[in-house]
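**Q** With the input below, show me the fold.
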Amino acid sequence: MTKGLRVAAAALIVILASAAPAAAQSSQPAWLSLELGKRAYAEKDFGAALVYFDRALTIRRDAFASAAARLDQGLASKAALEAGDSITAVLSSFALEDFIQRDYARLAAGRRPGDSGLLEDLRRERISDSHRAFVEVLLLVNEYRSLGELGDSVERLRERVRLLALYPEAEYWKGRLFFIEGELSLAELQYERAYGMRESLEIPGEAYTILYAMAELYEARSEYVAWENVMTRIVDGLDAGVDRYLVDAMMATLAEQGFNRFMTLYRLDDSYSRSAHAALAAYYLERGRAAAPMHAAIAVNMVLSKAIAMLKAKDGDYSWTDLRDFMARAGSRKDVEAYLDETGFEASLFTLADALYVAGARAPALMLWRVIADRDTAPLSAKAAIRLSDPRSAVRRGLP
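**A** The predicted structure follows:
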């Protein structure tokens, strides 16, 4: 079966699934459908995965469309209107209408008005339709976000209900599914849709996961301008607070005083932008662009900063002296060595050495090549040996 037919068949399954009784689908929470879809994806059961992702989107949309209507119903009551913008005040106002004070005091003893246990107990009581609607909306929102994030604001509750009707995580996973099936145009639409809904993400940082997926797609289509734009957006978004003067000082230290001094003086947190910096460094180096050393240096510093902290966590006496000493110590720690392998540290270090040489910083470049060559880790050690015998080989040639 061709890729196009597989997607068409999966779409037919979605249509058939959507014809199932609504009660059967709504009994399954949206997040569970998403997790089942991810499991099916991992098992390469792509037809089932698409069904689950679409079901998650439908359940989430329908649940919060209903919640928005119920919230309007609850807040239109006299008790809610008199309470203003406070969720606590609205709940208290409803309680005054529906309970004798001593009965409510017994029910609420030791619990805050927005406590989920109290809300569940209230739902089991004989309360007004408006009160019940308001309580059930709070409980639904609490399944996805902490009620504490609302700041006791009814308006923020309204906004949260609107945002939670969207499910960017499920849209993103549909995009991944289309990508692996080779349907790149559909994948691009899904990624753009998911990114456009990023305010609704459970984990805000996942917006950058979507951007990395978009960059992967553009790379697969050899659309390098679009790829660069996405990578730059990742860097600009995550590193917006990085002081440009600090970066300039770092690069001056690296070029003039060497790598060991550079790592003695500067530490950067291992940000989600690290992969983008490493990729941009190689991309710019192959095209002779001046920004290559900066991106390579940031990527390497981020990795080393975390690795140094990992060494210090178990050996409080450790402090950075030079790269050779660090590599020897890292080699005796499986966790540190695994982290360096996972991040592609030596490849980034090699790119930094090449970029420094091309930029005219010959001494630090030669030092880095020597360390890499002496490590005997194929294939980079052999490449570093070639650089030492022919430094001009550091000039890479890539696409325009």
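
**Q** So, low pLDDT: which residues of this structure?
**A** 1-27, 398-400 (pLDDT under 70).

**Q** do that again at 50, thanks
**A** 1-26 (pLDDT under 50).

**Q** tell me, what residue is most central in it?
**A** Nearest to the mean C-alpha position of the chain, counting by CA atoms, centre = their mean, stands residue 206 at 2.3 Å.

**Q** host element of the spatially closest residue to it that is not a sequence neighbour?
**A** Leaving out its chain neighbours, the residue that sits closest to residue 206 by CB to CB, 6 or more residues apart in numbering is residue 169, at 7.1 Å. In short, each C-beta sits where N, CA and C put it, glycine included. Assessed by DSSP states H and E, residue 169 sits inside helix 168-180.

**Q** Just the CA trace of the following helix or strand past that helix, in PDB.
**A** For helix 168-180, the succeeding helix or strand toward the C-terminus, using DSSP H and E, is helix 184-196. Included here for helix 184-196 are C-alpha records, laid out as PDB according to Å, rounded to 0.1, in the frame of the first residue of the first chain:
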ATOM      1  CA  LEU A 184       5.300  16.700   4.300                       C
ATOM      2  CA  SER A 185       2.700  19.300   3.300                       C
ATOM      3  CA  LEU A 186       0.200  17.900   5.700                       C
ATOM      4  CA  ALA A 187       2.800  17.700   8.400                       C
ATOM      5  CA  GLU A 188       3.800  21.400   7.900                       C
ATOM      6  CA  LEU A 189       0.100  22.400   8.200                       C
ATOM      7  CA  GLN A 190      -0.200  20.500  11.500                       C
ATOM      8  CA  TYR A 191       3.000  21.900  12.900                       C
ATOM      9  CA  GLU A 192       1.900  25.500  12.000                       C
ATOM     10  CA  ARG A 193      -1.500  24.800  13.500                       C
ATOM     11  CA  ALA A 194       0.000  23.400  16.700                       C
ATOM     12  CA  TYR A 195       2.400  26.300  17.100                       C
ATOM     13  CA  GLY A 196      -0.400  28.800  16.500                       C
END
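
**Q** Now do the following helix or strand past helix 184-196 against helix 184-196, angle only.
**A** Next in sequence after helix 184-196, counting helices and strands by DSSP H and E, comes helix 206-220. In terms of direction (axes from the mean of the first three to the mean of the last three CA atoms, to 10 degrees), helix 206-220 departs from helix 184-196 by 160 degrees.

**Q** Distance from the chain centre to helix 206-220, please.
**A** How far helix 206-220 lies from its chain's middle: 11 Å, per CA atoms, centre = their mean, to the nearest Å.

**Q** Flag every buried residue along that helix.
**A** Applying a neighbour-count criterion of 16 or more other CB atoms under 10 Å, the buried positions in helix 206-220 are 206-215, 217-219.

**Q** Return the member of these nearest to residue 138.
**A** Distance ranking of the buried residues of helix 206-220 against residue 138, using CB to CB, places residue 206 first at 24.9 Å.

**Q** buried ones in stretch 148-158?
**A** By neighbour count on 16+ other CB under 10 Å, the buried set for stretch 148-158 is 150, 152, 154, 157-158.

**Q** Which two among those residues are spaced furthest apart?
**A** 152 and 158 (13.3 Å).

**Q** Wait, residue 364 touches residue 261, no?
**A** No - assessed by CB atoms under 8 Å, residue 364 is found out of contact with residue 261, at 9.3 Å.

**Q** Now list whatever residues contact both of these two.
**A** residue 254 (CB atoms under 8 Å, 6 or more residues apart in numbering).

**Q** Tell me which residues touch the residue nearest to the centre of the chain, please.
**A** Counting by CB under 8 Å, 6+ apart, residue 206 has contacts 168-169, 172, 198.

**Q** Distance from the chain centre to stretch 281-292, please.
**A** Centroid separation for stretch 281-292 versus its chain: 26 Å, with CA atoms, centre = their mean.

**Q** what distance separates the start and the end of that stretch?
**A** 4 Å (CA to CA, to the nearest Å).

**Q** buried stuff in stretch 333-352?
**A** Counting neighbours by 16+ other CB under 10 Å, the buried set in stretch 333-352 is 333, 336, 339-340, 343-346, 348-352.

**Q** what's the span of it, first residue to last?
**A** 24 Å.

**Q** same question, stretch 252-267
**A** End-to-end span of stretch 252-267 (CA to CA): 15 Å.

**Q** likewise stretch 91-104?
**A** 11 Å.

**Q** what number of residues lie near the residue nearest to residue 254 when sequence neighbours are not counted?
**A** Leaving aside its sequence neighbours, residue 254 sits nearest to residue 262 (CB to CB, 6+ apart; 4.2 Å). By the measure other CB atoms under 10 Å, the count of residues near residue 262 is 21.

**Q** swap in residue 74?
**A** Based on other CB under 10 Å, the number of other residues close to residue 74 is 24.

**Q** isn't it right next to residue 128, touching?
**A** No - checked against CB under 8 Å, the pair residue 74 and residue 128 is beyond contact range at 9.0 Å.
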